[in-house]
Structures are given as C-alpha cells and as structure tokens.
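Participant: requesting a structural model of the entry that follows:
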Amino acid sequence: MRLTLKRAGALAWLCLGLSYTAFAAPSDPPADSRIDIKVDPAPCNGAVASLNDAAIIAVCDALIDNDRTERADRLKALLARGAAYQRQEDTDRAIADYDVALRLNPKLADIFNTRGELHRSKGDRPRALADFGAALKLNPQHAAARGNFKALALELEKIGADMGIKGRPKPPLK
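Facilitator: Just a heads-up that it's a prediction; the model follows:
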C-alpha cells in the first residue's frame, strides 16, 4: 500500500489528536451524573474472620469513617472494632464504639450489657447499672444482664449499708 502525502498528513493529525486526548487531564463529570458508589465491607469482614485485632482496627477504621458506608455495615464494623478494643483492654475506645453503635441501633440488649460491664470495670457503677437496666428493659430474659444487674445492686446495697454503719466520713480539718 502506497502512502500518499494527503493520507500521511491525515494519519499524522489523527495520531496527534489521539495522543492529545490520551494525555489530557480527565474532567470531572457533572455532579448530577455521578454514581453513588457504595463502600465495600469485604476487607473489614475478612479482618473479622481472621481474628486479628490489629487488622480489624485498621481495616474497619476506614469503613467506619467513610460517609458512604451503609448503616448496617457501619454497625457491624463498630461492633467488631469495639470487641477488638475490648480484647486489647482499651476500655475507653471500646465504650466509644459501643456508644456510636447504640445510637445507630438502640435495640441491642447484648451491647448495653457489654458496655455496662466495661463501665463497671472502670468503676462507673451508675452508668453500669443504667446499661444493665436498659438491657433488661429490651430483653427481660437476658440472663447475663440480669446477673450483672443483681450483682451490682447487691454491691451498691452493701456499700450503702457500710456507710450507714461507719457513718459519713468527716470533712477534713481546715
């Protein structure tokens, strides 16, 4: 095939046009034509399945912090990360994750009970008692919450009785 000057010129312009579009900066599509991309929870689910607390915290962080994460996926990630923090004995972070999880779904009796146990371990008896009570209100047959509530109520009763016997502590001398 013989290349004529006209064909060679046309071919050069075509190649130049294609190379320009290949290296041109991509433009953003108009805002109304953007597709709502959902976040993939698979990496977080994989980390949970591996039972690696460091991986759970790292991978689920991204899922929790993304605004496009679906509510159910965010809830699962919060519960997984909260449990990982709990296993690492980072009580404050576990409580914070459970707080957010209960704002997303306030009908989780198990999480109220777990958060109550964490509050109790920190010495915050009033919050622990409130969480155990909330768990029992949601599920009156919740055995762990019932046992925790009863044990804490007896502990508080004993503290009150001891204060009555010993009397109130005297204020410090000035």
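Participant: tally of neighbours for residue 129?
Facilitator: Residue 129 is flanked by 19 other residues according to other CB atoms under 10 Å. For every residue, glycine as well, the C-beta is placed using N, CA and C.
Participant: name the element the closest residue to it other than its chain neighbours belongs to?
Facilitator: The shortest distance from residue 129 to any residue other than its chain neighbours is 5.5 Å, reached at residue 152 (CB to CB, 6 or more residues apart in numbering). Of the helices and strands defined by DSSP states H and E, residue 152 is found in helix 143-166.
Participant: what's the average pLDDT for that helix?
Facilitator: Per-residue pLDDT over helix 143-166 has a mean of 83.
Participant: which residues of the protein score low on pLDDT?
Facilitator: Residues of the chain that meet the criterion pLDDT under 70 lie in 1-38, 162-174.
Participant: okay, domains of this protein per the record?
Facilitator: Using automatic domain parsing, the domains assigned to the chain come out as 40-105, 107-166.
Participant: how far out from the middle of the chain is the last one?
Facilitator: Average the C-alpha atoms of domain 107-166, do the same for its chain, and the two points are 24 Å apart (CA atoms, centre = their mean, to the nearest Å).
Participant: cool, stretch 45-52 as well?
Facilitator: If you compare the mean C-alpha spot of stretch 45-52 with that of the full chain, they lie 15 Å apart, counting by CA atoms, centre = their mean.
Participant: please enumerate the strands of this structure.
Facilitator: Ranges of strands within the chain: none, based on DSSP state E.
Participant: thinking again about what came up before, which residues are in contact with the helix holding residue 152?
Facilitator: By CB atoms under 8 Å, 6 or more residues apart in numbering, the surrounding residues in contact with helix 143-166 are 109, 112-113, 116-117, 120, 125, 128-129, 132-133, 135-136, 139.
Participant: now with 7 Å?
Facilitator: When contacts are defined by CB atoms under 7 Å, 6 or more residues apart in numbering, helix 143-166 is touched by residues 109, 113, 116-117, 120, 125, 128-129, 132-133, 135-136.
Participant: give me every residue that touches residue 66.
Facilitator: Applying CB under 7 Å, 6+ apart to residue 66 gives the contacts residue 39.
Participant: still on that earlier bit, buried ones in the helix holding residue 152, by neighbour count?
Facilitator: When burial is assessed from 16 or more other CB atoms under 10 Å, helix 143-166 yields the following buried residues: 145-146, 148-149, 152.
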